[in-house]
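J.: Fold the following, please.
(one chain, ligands or ions: 1)
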Amino acid sequence: MDIWKDIDAHARAVEGRRIVSLFEADPGRAQDFTARAGPFLLDYSKTNIDTGGRAQLLELAQAAGLPERREAMFSGARINETEGRAVLHTALRNPDTPVTVDGADVSKEVRATLDRMEGFARAVRGGRFRGYGGAITDVVNIGIGGSDLGPAMAVAALAPYHDGPRCHFVSNVDGADVHDTLDGLDPATTLVIVASKTFTTLETMTNARTARAWMAGRVPEPAAQFVALSSAAERTAEFGIAPDRVFGFADWVGGRYSLWGPIGLSIMLAIGPGRFREFLAGGAEMDAHFRTAPLADNLPVLLALVGMWHNQVCGHATRAVLPYDQRLARLPAYLQQLEMESNGKRVAMDGQELARDSGPIVWGEPGTNGQHAFMQLIHQGTRVVPCEFLLAAEGHEPALEHHHTLLAANCLAQSEALMRGRGLDEARAMLAAKGFEGAELDRQARHRVFPGDRPSTTLLYPRLTPAVLGGLIALYEHRVFTEGVILGINSFDQWGVELGKELAGTLVPILEGEAPVTGRDGSTAALVAAIRAMRGPMETG
Ligand code: F6P
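T.: Numbering: from 1, shown residues only. Have a look, this model is predicted:
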């Protein structure tokens with residue numbers, strides 16, 4: 001698209017222009033580069049995007065056919081072309097809105113499943129669904145990827161709303177995970193949720209069998225304390241889970257977009273069906289905004305365009321996600337799957353190599369912790385890392401309001417410092433005031449220079465309620481979709497995870513000594529030999 005060339009030319013023309021100069025030139029910049037939707041305020045003024053650049057980026061979204069693709073997604077078209085599927089996670093949070101796939105209204109099924117989930121959650125929370133030893137005290141969700149990261153993130157995020165059984169999450173095939181999680185739990189009052197769309201995933205099925213064996217030691221009928229969240233009814237039956245304990249969903253719900261339906265059962269158990277409905281409603285409100293707001297005021301679109309300016313235009317390969325909200329500690333991990341599994345592709349929908357970089361490398365940690373770890377590099381390192389700050393105006397602990405003021409001050413200070421920096425003269429003056437002079441002052445001053453001009457966005461919301469969390473997740477989902485459309489990627493497949501799975505399958509018998517190490521590269525063969533040698537004494541000793 002020619003518009004890319006215009007954007008590149010514009011980027012070259014403004015390279016080296018300091019972001020602060022944009023505020024000096026335009027006193028209304030903060031307002032002009034702030035957008036609002038529902039409870040969210042997005043400030044993207046601390047970037048080097050000006051009104052001309054923004055207009056070009058919006059034109060790019062338009063030229064890529066974003067409005068049409070967006071409509072195609074919401075209306076149930078098979079936009080996941082490499083898997084021949086519709087993409088309708090939005091239907092899960094809009095249960096009262098009819099949507100047709102192949103002529104059938106899928107909302108009826110969505111409502112029926114939601115009703116069943118609510119009935120089950122009420123029974124568990126109310127003590128009517130009981131374990132062998134009494135009311136359920138603990139829930140263990142066994143899943144991985146989209147069947148773990150979303151619910152685990154949301155359950156942690158909504159801790160102030162927990163009034164149900166304790167929820168735990170097991171994902172890794174490393175036996176340490178299932179061991180440490182089950183350790184100390186009472187099998188007789190534990191409910192195990194096996195969350196797997198396919199019900200074939202190695203990690204989940206291995207952990208599920210281990211959990212069943214653990215329970216079998218104490219509970220005469222462990223299957224009665226198991227629930228399955230899956231699209232594979234035959235496999236759940238083979239595992240021994242009764243159909244009324246299976247909550248299914250259609251193939252148009254992608255794994256990393258699935259926490260809105262059955263995969264979110266642990267969230268519902270933790271906060272209750274009413275709060276879960278608020279969570280869905282928050283997501284639905286963001287859907288309505290994304291679907292109808294003009295591109296120029298559209299939060300997911302703006303967030304995507306800012307990200308693409310930094311990544312595909314300016315070449316900043318990574319983006320730091322910095323929630324100044326401790327309960328969002330798992331948000332970066334959740335976003336790693338959402339963004340990198342969705343947009344980490346090297347060919348476009350038509351099979352041609354991408355002309356631009358794929359989506360960014362996403363990473364992060366909650367603030368203020370990151371300030372005492374990696375922010376040094378972001379402030380003074382040689383690479384530019386665009387930052388995405390998230391902040392609630394208030395916390396859930398009125399008695400600890402002062403903590404929240406300190407948290408907010410630190411969040412604002414980081415974005416301010418990143419943009420402003422500190423020049424050599426300022427550093428020298430600061431040191432001179434402390435009594436430094438001569439060569440020592442010169443030498444020390446250089447270490448105190450902050451280049452500044454480092455871009456960031458800030459997303460502000462009143463408080464991390466279930467509705468706000470729902471809106472936040474939907475905002476990120478639509479941002480990923482927007483980027484994918486502009487890059488021409490199918491954001492809804494994940495073929496890149498397959499090769500490793502296949503090779504792992506063939507390595508198991510080799511590691512167990514049941515198959516020879518033939519046809520492997522020298523490094524892999526040597527590592528196999530080393531592992532077997534190191535394990536030897538443990539096995540015999
Ligand atoms: O391996 C990647 C993946 O397929 C993810 O896309 C998915 O979220 C995860 O595995 C778990 O899959 P399942 O829910 O089928 O166990």
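
J.: pretty sure residue 349 belongs to a helix, no?
T.: No. Assigned with DSSP: H, G, I helix; E, B strand; the rest coil, residue 349 falls outside any helix and is coil.

J.: what's the spacing between it and residue 60?
T.: Noted for residue 349: a distance of 17 Å to residue 60, by Cβ to Cβ, to the nearest Å. Quick note: C-beta positions are derived from backbone N, CA and C, even for glycine.

J.: Tell me which of the two has more neighbours.
T.: residue 60 (21 against 16; other Cβ atoms under 10 Å).

J.: excluding its backbone neighbours, what's nearest the closest residue to the ligand within the stretch 151-300 of the chain?
T.: Nearest residue of the stretch 151-300 of the chain to the ligand (Cβ to the nearest ligand atom) works out as residue 255 at 2.6 Å. The spatial neighbour of residue 255 that comes closest, neighbours along the chain excluded (Cβ to Cβ, 6 or more residues apart in numbering), is residue 146 at 3.1 Å.

J.: ok, that neighbour to residue 336 distance?
T.: Separation of residue 146 from residue 336 (Cβ to Cβ) stands at 12 Å.

J.: between the two, who's got more neighbours?
T.: The neighbour comparison of residue 146 against residue 336 (other Cβ under 10 Å) goes to residue 146, with 24 against 18.

J.: Next up, the contacts around the most centrally placed residue in the chain.
T.: Among the residues of the chain, the one closest to the centroid is residue 335, at 2.1 Å (Cα atoms, centre = their mean). Counting by Cβ atoms under 8 Å, 6 or more residues apart in numbering, residue 335 makes contact with 321, 362, 364, 476.

J.: Identify the farthest-apart pair in the residues you listed.
T.: Taking Cβ to Cβ, the two most distant members of these are 364 and 476; they sit 12.6 Å apart.

J.: Compare neighbour counts for the two and give me the winner.
T.: The neighbour count for residue 364 versus residue 476, taken as other Cβ under 10 Å, is higher for residue 364 (25 against 22).

J.: so the more buried one bridges to which residues?
T.: residue 321 (DSSP bridges).

J.: My guess is it contacts residue 324. True?
T.: No. Counting by Cβ atoms under 8 Å, residue 364 stays clear of residue 324, with 11.0 Å between them.

J.: Can you tell me, leaving aside adjacent residues, what's nearest to the residue in the stretch 351-500 of the chain that the ligand sits nearest to?
T.: Closest to the ligand within the stretch 351-500 of the chain is residue 497: 3.9 Å, counting by Cβ to the nearest ligand atom. Leaving aside its chain neighbours, residue 497 sits nearest to residue 341 (7.4 Å; criterion: Cβ to Cβ, 6+ apart).

J.: Can you report how many residues lie near that neighbour?
T.: For residue 341, using other Cβ under 10 Å, the count is 22.

J.: Need the per-residue pLDDT for it.
T.: Looking at residue 341, its pLDDT is 98.

J.: roughly how far apart are it and residue 492?
T.: Per Cβ to Cβ, residue 341 is found 10 Å from residue 492.

J.: Close to the ligand: what parts of the stretch 301-450 of the chain are there?
T.: Taking Cβ under 6 Å from any ligand atom as the criterion, the stretch 301-450 of the chain approaches the ligand at residues residue 341.

J.: sorry, back to before: wait, the residue nearest to residue 497 sits on residue 493?
T.: No. Counting by Cβ under 8 Å, residue 493 is not a contact partner of residue 341; they are 9.2 Å apart.

J.: could you point out where the chain is predicted with low confidence?
T.: Scanning the chain for pLDDT under 70 picks out 537-541.

J.: Residue numbers of it in contact with the ligand?
T.: Residues of the chain lying close to the ligand (Cβ under 6 Å from any ligand atom) are 144-147, 196-198, 201, 204, 255-256, 341, 494, 497.

J.: just checking, what packs against the longest helix anywhere in the chain?
T.: Counting by DSSP state H, the longest helix found in the chain is helix 466-487. Here helix 466-487 touches strand 40-43, helix 51-63, helix 66-74, helix 149-157, helix 273-292, helix 299-308, helix 342-343, strand 456-461, going by 3 or more Cβ pairs under 8 Å, 6 or more residues apart in numbering; DSSP states H and E.
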